[in-house]
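> predicted coordinates and the sequence they were generated for:
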Amino acid sequence: DTAVSQTPKYLVTQMGNDKSIKCEQNLGHDTMYWYKQDSKKFLKIMFSYNNKELIINETVPNRFSPKSPDKAHLNLHINSLELGDSAVYFCASSQDGGGLNQPQHFGDGTRLSIL
Amino acid sequence: QKEVEQNSGPLSVPEGAIASLNCTYSDRGSQSFFWYRQYSGKSPELIMSIYSNGDKEDGRFTAQLNKASQYVSLLIRDSQPSDSATYLCAVNRGGGSYIPTFGRGTSLIVHP
């Protein structure tokens, strides 16, 4: 009965490769997010996706692209991986319908290591 | 640029004491405020949410919000070693904005 699940849990790959991380939530939430947490533990928002509206953090390189086949899924595709992409990536979801924001529910994270 | 500031710590308190964690934010239009706890190697989990000025209590945790002074704090009473973690403050403008801003977190160590 996992609420927000992301796969894989660990991803080790070489520089220059393309990889995807999948995220699914079974909470019925209408907003999903991707975060990057670097070695200094700073949690940085990358994208949020609500009702087919994608909001992008402008500092995120365009090698990163989110894809949402439906409301319950938000996958993250990364092209041409670089050493600096090594981090933990968290998927999250929340029930936001305008007005006050609701808390976010986080997945367990995907630890990406670039060789 | 919206900013959320937290003292990185570590904040070290003895078991049984009150731990006080503070957070200030720059966006005066912020409406929603959250405290998350993150254990090492784990994902953030919600501790408290607060939306109105004043105090909100839940068990050993009390969140305090002062919008005029633009700060939000978290008090942990009767601190336990299991409370040792990083505490993240998150702020959101609300009203259709889905981009939260997180602080860098405060590391709390509760020693026996």
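Ah, there it is.
> contacts only, for the closest residue to residue B:20 other than its chain neighbours.
Counting by Cβ to Cβ, 6 or more residues apart in numbering or on different chains, residue B:20 lies nearest to residue B:75, which is 5.6 Å off, once chain neighbours are set aside. Heads up, the C-betas are built off the backbone N, CA and C, glycines and all. Residue B:75 makes contacts with B:18-21, B:61-64, as judged by Cβ atoms under 8 Å, 6 or more residues apart in numbering or on different chains.
> and what of residue A:10?
A:110-111, A:113.
> which of those fall within strands?
A:110-111, A:113 (DSSP state E).
> which strands or helices does the lowest-mean-pLDDT helix or strand in chain A pack on?
Taking mean pLDDT, DSSP states H and E as the measure, the helices and strands of chain A show their lowest mean at strand A:53-56, namely a mean of 79. Applying 3 or more Cβ pairs under 8 Å, 6 or more residues apart in numbering or on different chains; DSSP states H and E, one finds that strand A:53-56 makes contact with strand A:43-50.
> for the strand it packs on, give me every contacting residue.
By Cβ under 8 Å, 6+ apart, strand A:43-50 touches A:30-38, A:54-57, A:60, A:64, A:66, A:68, A:74, A:76, A:90, A:96, B:44, B:88, B:98-102, B:105.
> stretch A:24-35 too?
Under Cβ under 8 Å, 6+ apart, the answer for stretch A:24-35 is A:1-6, A:23, A:43-51, A:66, A:68, A:71-74, A:76, A:89-97, A:104-106, B:98.
> 6 Å - rerun?
A:3-5, A:43, A:45-50, A:72-74, A:76, A:90-96, B:98 (Cβ atoms under 6 Å, 6 or more residues apart in numbering or on different chains).
> out of those, which are buried?
A:4, A:43, A:45-50, A:72, A:74, A:76, A:90-94, A:96, B:98 (16 or more other Cβ atoms under 10 Å in any protein chain shown).
> hmm, the lowest-mean-pLDDT helix or strand in chain B in reach of chain A?
Within chain B, no helix or strand scores below strand B:101-102, which has a mean of 90 by mean pLDDT, DSSP H and E. Yes: between strand B:101-102 and chain A, judged by Cβ under 6 Å from any Cβ of the partner chain, the touching residues are residue B:102.
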